[in-house]
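Q: how does the following fold in three dimensions:
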Amino acid sequence: MAPRARHAQGDLPPAGAWVPGSRSRPRPVRRLRPPAHGRASAADPPRVPDPLAAARCRRAGPPRPAGRHRSPGRGGGAAVRRRAPPGAGHRAARVQGILRRAPRAARAAAAPAQPARADGDGLPRPGARAGQPENDPRRTPAGAVRRRPARHARPAAADAARRGLEEPGSRRGPQPARALPGRRRATGRPRRDARLRARGADRAGAALRGRRPADPAADHQPDLLASLADPRRVVERKTARDFRAALAPVFAPGLARAEQWDALRRLKQAEELQVVWRYLLGTASIDRYAREMTALAEATLAAGWTLAQMDLVERHGVPRDGRGRFVPAVLVAMGKLGGREIVTGSDLDVFVVFAGDGATDGPTRVEAHTFWSDCVARLAATLGDITAAGVAFPVDLRLRPGSKGSGFAASLDALERYYREHGDLWERQTLVRARLVLGDRVLARRVRVVLRALVYGAPLDRTGLKEIAEVRARMQVELGKETPGRLHVKFGRGGLVDVEFLAQALQLVHGAGAVEVRCCATAAALRGLARVGALEAGAAAALVEHARFLRRLSAALRLLGARPADTLDLAGPMPARVASALGHASRAEFLAEYRRRTGAVRAAWEALRA
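A: Below you'll find the model as predicted:
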C-alpha cells in the first residue's frame, strides 16, 4: 500500500484533506478522507494518493468521530477515555468549533462573492462559499467538474437544501425542523416561530420533497426569490388594495407597452410566490390562500384591462354613442374567479358586457362591439401568453354568452336576449357564480339586476334537476376519465364538481324565494342553504369540510406539478408526496381518507337526485 501523508503534531491538516463538518469531532489522521478538489499549498508536506483508501471513503462515507478528548491538566487529572490520535491538534479543534457555531447558510447568503485568489494565500478560491475551510473537498475550483456529494455531505445546489429542504433527487429526506433556527433569527418572533413549527414547517418541507416546481419561473428568473428576502412580506397577509399597489409600477412613465406587459408578468409572479409560501408555511389556510390568489388575479386583470384599452384607444379612439357619451363596459367573472377560489394554475373565466351601440371617435373608426371584443381578446391573449418574463394568468372566454362567431363581448340587451331565447340550463347554472369585478359602476348595477333575474327568476323543477344530473354524469365520463389506477379530484366520482353541482342545483331551486342562498362561493352557498332549511346543518358542515379537503388536495397536486392538473396517478410517487404534504402518516391513510370523503360526497349527490 502506498505510504500515507503525515503532518506535524498540532498543525492543521494538509490543504485538500477532508476537514470534519460543523457537528463532528476531530478525526484520526490515518482515516482522513482523500481530497476531492483543490491542491495543497507550497507550505504543506507532499501527499501520496491512495486509490484504495479513496474508494473506501466514497463507499463507506465519512469516518466515525473519535471519542471525547479531555486534557489531563483539566478536572484534576481526569482519566482520558480515548485520546485523540496524533495530528488532531488544538488549532484543528478551534477551526472545528468555529464551523460548528457559525451557520453556513446564513454566511453564504450574506457574504458577497469573493474574487479568485492564488492557492495557499488563505483566501477563498473560485467556487468557494463564505465560511468554508480552505481545504474542504466540497469546494469547487474554477473549471473543475464537481463530484457527486457523499451521503453525509449536504448538497450545495440551493440555500433551501442547506436549511433542511433538500433538492430533488437527494438521498436524504427533508428536515423541516432544521429550517426553524434560521427562521427565528430572521424574524425575531419566537411565538410566530412556534406557530410555524407546529403548523407549517413539516407541511412546507413535505410539500417540496423531491419535486420540481409546478411553475419553473423561479428556475429561469432567480430574481423572483428576492421577493422572499423580507420575512414580513412572506408572513403578513395582503388585501386587494395591497396587490393593486404592488402592480402600480407597471404604469411607470417611460416604459414601452411591451415592457409594461413584461413588468406585469414579473410583478404578478413575485406576489404569487409570496402567497404560495404563506400557504406552505401554514400562516394562511386554503380559504385565505384562495382569497389572496383571487385578489391578485383581479388586480392583474385590472392592470391588463387598462393596458389593453390604452392600445386600442391610441388606434381607434374612445367608443361613444349617438349623443357623444362614453359607452362603458364591465368584466364579469365566472367559475373559480367568481367564487373566489383561485389557486395556482387556475384559469380566469370572464366575459365582457358593454352598454349599447356606438362607435369610436378616432381616426380609424370601429363599432363599440368591435372595440370591446378586440379589447377582451387582447387581454386574454396577452395575459395567457408564455414569454421570457413568464405568464400572468390564462384567460378562458368559452363561458361567454352567444355563439362562437358573435365576438368576445355582448351588449346588455344581447346578453339578456340570448339567455332567455337560446340559453341552456347548464349556461344558466354557470351564472350562479357570476360576479362583476371591473368596469363602470352604473352599468354594473344594471347587469347585476339582469343576471339575478335570469338565474333566480323561476325555481328549478324536477326535470331541471334530472338534466343537471345527466350533465354531471357526462362530465365524469368525458372529463374525469377515472380508472382503477387514476383518480380525478375535480371531475371524478365524489369530486369537487359533485359538491359544486349539489350546491348550485339547490340554489336554483330555493334562490327565487331565499336571498341567503344567492352566493357565488360554494361554502357560503352551503351555509345559506342550511340556514333556510334546504340542507341539514350537519350535512352542510360536512360538505364544506369535504370540499375543503378536496381543494387542499387540488392545490397540493398543482404545487407538486401533477400533469394533467387535478389528476392523481396511484402507480407513481405522487400519492405519497401528497399524503406527506397534507399531514397524513402514510399513503394508505391518505387514500383511505380520500375514499371516505368522496364516498360521502357522492352519497349526498345521489340523495339529491333521488
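Q: which helix in the protein runs the most residues?
A: helix 286-316 (DSSP state H).
Q: list the buried residues of that helix.
A: Buried residues in helix 286-316, counted by 16 or more other C-beta atoms under 10 Å: 286, 289-305, 307-309, 312-313, 316. Every C-beta, even on glycine, is put in place using the N, C-alpha and C of the backbone.
Q: what does stretch 382-395 give?
A: If you call a residue buried by 16+ other C-beta under 10 Å, then stretch 382-395 has these buried ones: 382, 383, 389, 390, 392, 393, 395.
Q: name the residues that touch it?
A: For stretch 382-395, contacts defined as C-beta atoms under 8 Å, 6 or more residues apart in numbering pick out 215, 217, 220-221, 261-262, 264-266, 268-269, 297, 300-301, 304, 307-308, 346-348, 350, 379-380.
Q: one more pass at 6 Å, please.
A: Contacts to stretch 382-395, defined as C-beta atoms under 6 Å, 6 or more residues apart in numbering, come from residues 217, 261-262, 265-266, 268-269, 297, 300, 304, 347-348, 380.
Q: re the thing from before, so what does the longest helix of the chain touch, helix or strand wise?
A: Here helix 286-316 touches helix 240-246, helix 257-280, helix 368-383, strand 435-439, going by 3 or more C-beta pairs under 6 Å, 6 or more residues apart in numbering; DSSP states H and E.
Q: tell me the domain ranges of this protein?
A: As assigned by automatic domain parsing, the chain contains the domains 1-60+87-111+123-142, 211-456, 462-609.
Q: lowest average confidence across those domains, which one?
A: Lowest mean pLDDT within the domains of the chain: domain 1-60+87-111+123-142, at a mean of 44.
Q: I'd say residue 499 and residue 549 touch.
A: No. With contact defined as C-beta atoms under 6 Å, residue 499 does not count as touching residue 549 (10.4 Å).
Q: those two - which one has more neighbours?
A: Taking other C-beta atoms under 10 Å, residue 499 and residue 549 do not tie; residue 499 has more neighbours (24 against 19).
Q: now for that one: which residues touch it?
A: Residue 499 neighbours (C-beta under 6 Å, 6+ apart): 543, 547, 601.
Q: hey, where'd the strands end up in the stretch 501-610 of the chain?
A: 567-569 (DSSP state E, counting those that start in this stretch).
Q: quick one: the helices in it?
A: Applying DSSP state H, counting those that start in this stretch to the stretch 501-610 of the chain gives helices spanning 522-531, 537-559, 574-581, 587-609.
Q: convert the third one to CSV, retaining C-alpha atoms only.
A: Extracted as CSV, the C-alpha positions of helix 574-581 are listed here (Å, rounded to 0.1, in the frame of the first residue of the first chain):
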residue,chain,number,x,y,z
MET,A,574,-47.4,11.4,-6.2
PRO,A,575,-49.8,9.8,-3.6
ALA,A,576,-47.0,9.5,-1.0
ARG,A,577,-45.9,13.1,-1.7
VAL,A,578,-49.5,14.4,-1.4
ALA,A,579,-50.0,12.4,1.8
SER,A,580,-47.0,14.0,3.4
ALA,A,581,-48.0,17.5,2.2
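Q: against which helices or strands is that helix packed?
A: By 3+ C-beta pairs under 6 Å, 6+ apart, helix 574-581 packs against helix 201-207, helix 587-609.
Q: what's the most buried one of those?
A: Highest mean neighbour count of the helices and strands packed on helix 574-581: helix 201-207, a mean of 22 (counted as mean count of other C-beta atoms under 10 Å).
Q: can you list the residues that contact stretch 475-487?
A: Residues contacting stretch 475-487 (C-beta under 6 Å, 6+ apart): 488, 491, 492, 568, 569, 570, 571.
Q: burial count for the closest residue to the last one other than its chain neighbours?
A: To tie it back to what came earlier, the one meant is residue 571. Closest residue to residue 571 apart from its sequence neighbours, by C-beta to C-beta, 6 or more residues apart in numbering: residue 485 at 5.3 Å. When neighbours are counted by other C-beta under 10 Å, residue 485 registers 10.
Q: go on, the one 4 residues further on?
A: The number of residues packed around residue 489, counting by other C-beta under 10 Å, is 28.
Q: returning to that earlier point: using a markdown table, lay out the helices and strands packed on helix 286-316 together with distance to residue 324.
A: Output for the helices and strands packed on helix 286-316, formatted as a markdown table (distance: least, C-beta to C-beta, whole Å):
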| stretch | distance to residue 324 |
| --- | --- |
| helix 240-246 | 31 |
| helix 257-280 | 28 |
| helix 368-383 | 13 |
| strand 435-439 | 20 |
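Q: for the residue nearest to residue 571, grab phi and psi.
A: phi -110, psi 10 (degrees, to the nearest 10).
Q: closest to residue 474 among the buried residues of stretch 382-395?
A: residue 395 (25.3 Å; C-beta to C-beta).
Q: identify the bridge partners of the closest one.
A: When assigned by DSSP bridges, residue 395 has beta-bridge partners residue 348.
Q: quick one: it from residue 309, how far?
A: Counting by C-beta to C-beta, to the nearest Å, the gap from residue 395 to residue 309 is 15 Å.
Q: repeat that for residue 423.
A: Residue 423 is 29 Å from residue 309, by C-beta to C-beta.
Q: again with residue 363
A: 17 Å.
Q: same question, residue 380
A: 14 Å.
Q: which residue, other than its chain neighbours, is closest to residue 292?
A: residue 275 (4.8 Å).
Q: test my guess that that neighbour contacts residue 291.
A: No. When contacts are counted by C-beta under 6 Å, residue 275 is not listed as touching residue 291 (9.8 Å).
Q: dump the contacts of stretch 382-395 to CSV, plus distance to residue 335.
A: Listed next are those as CSV, based on distance: C-beta to C-beta, whole Å:
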residue, distance to residue 335
217, 24
261, 24
262, 27
265, 22
266, 26
268, 19
269, 22
297, 11
300, 16
304, 18
347, 7
348, 8
380, 14
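Q: for residue 331, what are its contacts?
A: 350, 352, 437, 438, 439.
Q: I'd guess it is in a helix, am I close?
A: No. Residue 331: not assigned to a helix; according to DSSP: H, G, I helix; E, B strand; the rest coil it is strand.
Q: fine by me, we can end here.
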